[in-house]
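Q: Make a model of this:
(chains A, B, C, D and E)
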Amino acid sequence: MDLDLWTEKYRPPTLSGIIGQESIIESLTRFVETKAVPHCLFTGPPGTSKTTAAMAMAKDLFGDTYERNFMELNASDERGIDVVRNQIKNFARTMPSGDAPFKILVLDEADHLTSDAQHALRRTMESYAQSCRMVLICNYSSRIIPPIQSRCAIFRFSRLDEKGISKRLKYIAKQEQITLESSGVDAILYLTEGDMRAAINLLQAASSTGEAITDKIVYAISGSASPETIKTMLTDAREQRHLESLQSLRKLIYNEGVSPVDLVKQIHKEIQALDFSHSQQMSVLEHIAEIEFRIGEGANGEIQLAALLAHIGIGSDASE
Amino acid sequence: MDLDLWTEKYRPPTLSGIIGQESIIESLTRFVETKAVPHCLFTGPPGTSKTTAAMAMAKDLFGDTYERNFMELNASDERGIDVVRNQIKNFARTMPSGDAPFKILVLDEADHLTSDAQHALRRTMESYAQSCRMVLICNYSSRIIPPIQSRCAIFRFSRLDEKGISKRLKYIAKQEQITLESSGVDAILYLTEGDMRAAINLLQAASSTGEAITDKIVYAISGSASPETIKTMLTDAREQRHLESLQSLRKLIYNEGVSPVDLVKQIHKEIQALDFSHSQQMSVLEHIAEIEFRIGEGANGEIQLAALLAHIGIGSDASE
Amino acid sequence: MDLDLWTEKYRPPTLSGIIGQESIIESLTRFVETKAVPHCLFTGPPGTSKTTAAMAMAKDLFGDTYERNFMELNASDERGIDVVRNQIKNFARTMPSGDAPFKILVLDEADHLTSDAQHALRRTMESYAQSCRMVLICNYSSRIIPPIQSRCAIFRFSRLDEKGISKRLKYIAKQEQITLESSGVDAILYLTEGDMRAAINLLQAASSTGEAITDKIVYAISGSASPETIKTMLTDAREQRHLESLQSLRKLIYNEGVSPVDLVKQIHKEIQALDFSHSQQMSVLEHIAEIEFRIGEGANGEIQLAALLAHIGIGSDASE
Amino acid sequence: MDLDLWTEKYRPPTLSGIIGQESIIESLTRFVETKAVPHCLFTGPPGTSKTTAAMAMAKDLFGDTYERNFMELNASDERGIDVVRNQIKNFARTMPSGDAPFKILVLDEADHLTSDAQHALRRTMESYAQSCRMVLICNYSSRIIPPIQSRCAIFRFSRLDEKGISKRLKYIAKQEQITLESSGVDAILYLTEGDMRAAINLLQAASSTGEAITDKIVYAISGSASPETIKTMLTDAREQRHLESLQSLRKLIYNEGVSPVDLVKQIHKEIQALDFSHSQQMSVLEHIAEIEFRIGEGANGEIQLAALLAHIGIGSDASE
Amino acid sequence: MLVNSNNLPWPEKHRPRSLDLIVGNPERIQNLKAWILSWKTRIPEKRAVLLIGPPGTGKTASIGALANDLDMEIVEFNSSDKRNKDSIETLVWRAASQQTLDGRPRIILLDEVDGLSGTSDRGGIGAIIKVIKSSVHPIMMTANDPDSPRLKDLFKICQVYNFEPIDSERMSEVLTRIAKLNKAEVSQDIIDQIIDNCAGDLRAAISDLEAYVKRGTKPESVDSAIRDMRRGTEDTLRRLFMTTDPKLARKLLSESELDHDSLILWLEENIHLHFLTPDELDKGLDSLSLADLSLGRIMRNQNWKLLAYMYDFLAVGVAGGRTDTPYRKVSYSRPTWPLLVFQGNKSREKRTDVLSSLSRLTGVSKRRAVRTHLDTITEIVGISPSKTKDYADWLGVDKASLKKRGKN
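A: Numbers count the residues shown, from 1 in each chain, chains lettered A, B, ... in the order given. Below you'll find the model as predicted:
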């Protein structure tokens, strides 16, 4: 059996294989050519090839000595000052292997380091700048302390466009010899919103059914509701067919295994496409936000969503 | 790449070089002249030259023996009672070097010390008052225990005005031979709100792009939205172009990488500049606070902000 | 600079010197006369002379052997069961010195002991009742486990009235030869609300400026806003001079260094003195509580307080 | 001073001494007489003598061999399957000591056993019925799996009625030779709500004053407000005598030393006696719950409670 | 000590020793007997039977009586024994594969197979299946819950017999007989009440009879619990929805045997039967949602003081919420949302093992590994369970931890 996760298997090994982010790739390629890499800060939403780019740059740069000159660490599991002090320092202070001009250390989720740890990191970056360059990866650059920002070349990765992802999915499908219907591609794109890793993960999960991949399969697999089901549920609620709407809700959560949090997000997405009156839509959006907050406080999703459906039923006049 | 921190490089070495805070500087200068420094408490918002003033006073006072007679500690690194018991005591009890009348110890973020540690500190201040004077630095003096307050001369630093900061930024730009457009200056001032340190840090980060520094670069580097984008989003929301406003929101979060927390703060700032009706503005301000709280508690930024935009759309008539 | 703490320097050494709490002092005096002291529980708000009373009783009782027969412990320093097991037991089990009939142990902040530690304490109280009497001090007696309550004579200290505190402040000012204006006394009373210790501490801090003590000095020293500033800000908000009121807010936070938490408390106090309509006052009180909670949870002070001002501006008609 | 805990001193050693639960005690007595005890399930609210009844039954049954034939386990300590397969089984399968017909195992908080552990228990109950009878104790029988319920005689303990507790209190007062006024009894009953142990503890604490026990003494000792004070405060609030109601609040907190947490609880109790309309009641409840939550999270008691009183004053029209 | 069966609990004392004394499910018992007898000639195609039915319907009793009648030896393994892979492969295997010393025929009784513990009896079902396939003795198993995921694989290789609740007439016969044997006089009315309370659970009925007889005085009615949780719950709901007085509602809730989790679920499932207008429904569900929020906060911070409010929201919101629709009699349905899933959602799932090993293997943080990898893997194994083992081995974790939540 194939145990590889396709996200790993199809991770482009070189900068040239990366989809999207053209101008960034261009800069990084120039770094490789001149063998001059500054400290970097890669920032952007999940699944926009930040880690892939960092690894590809290192591979292009180091060739055979890649294994010895490259390290990836994740900052979020063992936050705090110690992980920086020890692991990073140990890697950073030894000389690069072979003819590599320096080593590269990738620190994933760097924005989860405490401020203290970031200050310690800054000192390490300075002390070992000769032998080691850092690539810090994060979702929001504003959570990185300014003294680090000002030491880094900042690259902002944005969401990938659908065309790029779609092409990649088809390529993988071909390699893996699976049938990927165009409705399947669309469903994957709809659900993953420019997150390449999520898209590939979903494709792999769907492929494990052994059937041709259609939208139906994708929605079933993803633990997401199909937009149609959500629409029906909302329309039922609006037209005061409470029982039906409730049944849809239960089916979604219990039978299809959609998590309430995901449902909230999807309702949020779908509500805007329905022909609700403007004020009704707004009032629902506000309620959704309240519910999302309550679920975060520990409330149970189904009951909160049931209350939302009931609220939709009372119509736009009686907005909160 | 320049590895010096500009905030250090351009820190005024003497009291006379400090921008703003005139009356405080005057008092401190008198202390230096009379060689009579009491324990001091410097309080005020971040980036208002509190640490700079303390260091400059010590330099003016000690001249050559500065290194040996001055120590700076940050209380938030190793909070608690032990840092006080050991480091501070060790420094405080030894005699001043050279002909210095006493030593100076600066304790940054003193309001992060636990109450117990502050009580221990108080005793140290008493015991070694002969050989060592303390300068405690904090954001809010009300978090310092009264027995310490009553032993200190209290100086209240306020936010710097834009003119002073702007002048300083231009001076640095000139020294560093970088092109700083006036739109860039404005953007830096807008984002840093009287925080000199933040302003200089942002300038340095922006300079690392190697291009002339415009507002665009500043917003991109800082992971912030430009005021115009925010305004457009809010106006769209108000005029019930709901779809457009939501698209702006997503673009900001997912393409430009602005964190939802920062977005809330920027919306808070911009809403007051828009020509919304009074009651509408008020109602939006209330909602912003709600959402700021929720996001801080871990709620989903996109959903919460969408609700805010929705609320703006409902208009002032249907305020909650 | 005066290095003594005035709260210690002017602590009444005998029961007869204590201000207020007449009936309690009478009982304690009788205990001293009859040399029969039960275990005691002193409960009441901070700064109501609980510790002073305990120490004075012990001094009156023991005279010269006070030092050897009296111990004070603070339970919040080293909460938990160990402090009871070791320190208390060691003190309690040895015989009283000189001709003292028993020793006295004062346990401050006893309500911070865990329930386990309290149970251990109960056993110690029983075992060594012959040689040692306990005085437990706490803010709320309901946090002391019933088995301990039932072993103690309970004394409930209430807030001191302004006249008593004012008299004491003036007495100290005279002793210390400082000028204390009546506006200064009022400001101290306003800020400390019947807490004698806080009042004396604030007097001492204010005196360190070397100037005559006026209300201005008191507010500046304590990092508080003057009631007038708060009133003006609130009135501006109510009369929809929104911009002015927000400016006052920012000035208080960023120039005068008043912490948002303190601001909320002051607003809570002042709002009741303004001639707002009844329903408006009520609605504002509700909002204050909301905001107090949020700021405590880490929300942004400026944004939250701006929302409060906005709410006041919306007026009572559109109450939430 | 009396150093015994009255709850221990007056714990009924035999079934005949137990107050209330008459029909259950009657059954248990018959079990003892016939020396035939089925497996039992005792269910009911906390503090209704469930454990006491189980122990008394075992004492009556075993007499001298009680120690060897009785075991009590608390399932909340170890709730997994291992405790059943090891500890319980080992005790159950060995023969009873002396002439006891069987052993008795009491499993306290049996509803805390995991479902796996409960499953493991059911066959043990049958296999070793010869040598050991089980008494399972829980708050809700619905948490006990049906196969176990099917193996037990179920006894439902109800809240003790005031008459029983009152009688017991008077009995103890007489034994202890203290004067217990009927107003004192009422106050104890009001505060302890059918919890016998709490009632006796409170009686003992009140007795330590050495005075006749009246309601005043009981409320003062327990750090509680009298129901009348609370009612007056709430009525004032509702009838918009805002000033009076806030004054009562402050008096309670600062003079009578009632902790805000206890106040919330008492308000919650009293609010139900006021004749609010349905929607008003709901809205007040919502607020009380929120405030209790916030105070638990560390918010300021006075500010939060003032908001609650304000909310009551606003009335149902402006309910959120 | 003398074995004195007189003080045994009655369900044990009167445990039927012979098939003649068994009541209910006659055809199934005949079939069972026939199956056992067929072993005398040759080993039948299915070497095991599985008796499924609610408590107190005579499953284990039938097996005991059968063995007694046919003079067979019973070797029993029940849930009080450790039943993981190892102990089944050694102990049960030995019993199932070896002939008895005295040549007496033997029955292997695996009681309560749905009670196999997920953690402590890991691998038990697989081992049982292996033993069944080559057993030289008949294997008889019992279980309560036909939906238990643990039984799924057993269905294929067992003859399954579903035991029904005992009907009132048969119960009545048994109770009358037992009363007589114990020289107790019990009126038919009381017997009927006991039977009514026990919903076909004969053992519970015998327990209740014992408790009634032993209490000495003979009250007019049985004050023991309503055994049938469902009936008790419906009763609570009915009275709760009938009243509009919050005080009464509060009392009803506090006396209910349902814990707070179940209460919320039952109310959520049935509220729409009484709250017919959109407005009532909105308000009612809003109260439920507040109650649920309180419960969530309780779980998050263990602040049990908030529990009182949860009951208040239910009492005031439900009892007072019915303002327009008149009360009507309806039949309630059981929550479709199972309690365990509900509680599982509350207590954050412990998937730390899986996540840390994923995080180690992939370099993604534990926090993010759920989205980036784990969801995909659980989907894959959900669809092709055959891959579960491979992934579990790869991650070095137990297979069960890769199961998707909410589905079974």
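Q: So is stretch A:32-43 next to chain B?
A: Yes: legend: contact between stretch A:32-43 and chain B by Cβ under 8 Å from any Cβ of the partner chain is shown at A:Pro38, A:His39, A:Thr43. Yep, even glycine has a C-beta here, placed from its N, CA and C like the rest.
Q: Count the residues that sit near residue 187.
A: Picked chain A for this. Look at A:Ala187: counted by other Cβ atoms under 10 Å in any protein chain shown, it has 25 neighbours.
Q: looking at chain E here, not the other one
A: With other Cβ under 10 Å as criterion, E:Ser187 counts 11.
Q: now it: how far from E:Gln193?
A: Plainly put, E:Ser187 is 9 Å away from E:Gln193 if you go by Cβ to Cβ, to the nearest Å.
Q: what residue ranges in the stretch 151-300 of chain A are flagged as low confidence?
A: Residue ranges of the stretch 151-300 of chain A with pLDDT under 70: A:223-224, A:257.
Q: For chain E, what is the nearest residue in it?
A: Here the stretch 151-300 of chain A gets closest to chain E at one residue, A:Gly298, 3.0 Å apart by Cβ to the nearest Cβ.
Q: Just confirm that residue is within a helix.
A: No: applying DSSP: H, G, I helix; E, B strand; the rest coil, one finds A:Gly298 to be coil, outside a helix.
Q: so who does it touch?
A: A:Gly298 makes contact with E:Leu293, E:Leu295, E:Gly296, E:Arg297, E:Met299, E:Arg300, E:Lys346, according to Cβ atoms under 8 Å, 6 or more residues apart in numbering or on different chains.
Q: Verify the contact between the first one and A:Glu297 for me.
A: Yes: in terms of Cβ atoms under 8 Å, E:Leu293 counts as a neighbour of A:Glu297; the distance is 6.3 Å.
Q: quick revisit: would you show me how to pick out the buried ones of the contacts of A:Gly298 in ChimeraX?
A: Buried residues within these, by 16 or more other Cβ atoms under 10 Å in any protein chain shown, are selected in ChimeraX with:
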select /E:293,295,296,297,299,346
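Q: so which of the contacts of A:Gly298 are also by chain A?
A: By Cβ under 8 Å from any Cβ, the members of those lying near chain A are E:Leu293, E:Leu295, E:Gly296, E:Arg297, E:Met299, E:Arg300, E:Lys346.
Q: Of those residues, just say which sits nearest to A:Leu105.
A: Distance to A:Leu105 across the ones next to chain A among the contacts of A:Gly298 (Cβ to Cβ) is lowest for E:Arg300, with 37.3 Å.
Q: before we move on, the earlier item: state the phi and psi torsions of the residue nearest to the residue of the stretch 151-300 of chain A closest to chain E when sequence neighbours are not counted.
A: Using Cβ to Cβ, 6 or more residues apart in numbering or on different chains and skipping residues adjacent in sequence, the residue nearest A:Gly298 is E:Gly296, 3.0 Å away. For E:Gly296, the backbone dihedrals (degrees, to the nearest 10) come out as phi -60, psi -40.
Q: Mind pulling the model confidence for E:Gly296?
A: Here the pLDDT value assigned to E:Gly296 is 84.
Q: what's residue 295 in contact with, if anything?
A: Just going to use chain A. Here A:Ile295 is in contact with A:Pro260, A:Val261, A:Val264, A:Gly301, A:Gln304, E:Gly296 (Cβ under 8 Å, 6+ apart).
Q: wait, I meant chain E there
A: A:Gly298, A:Ala299, A:Asn300, E:His260, E:Asp261, E:Ile264, E:Met310, E:Lys346.
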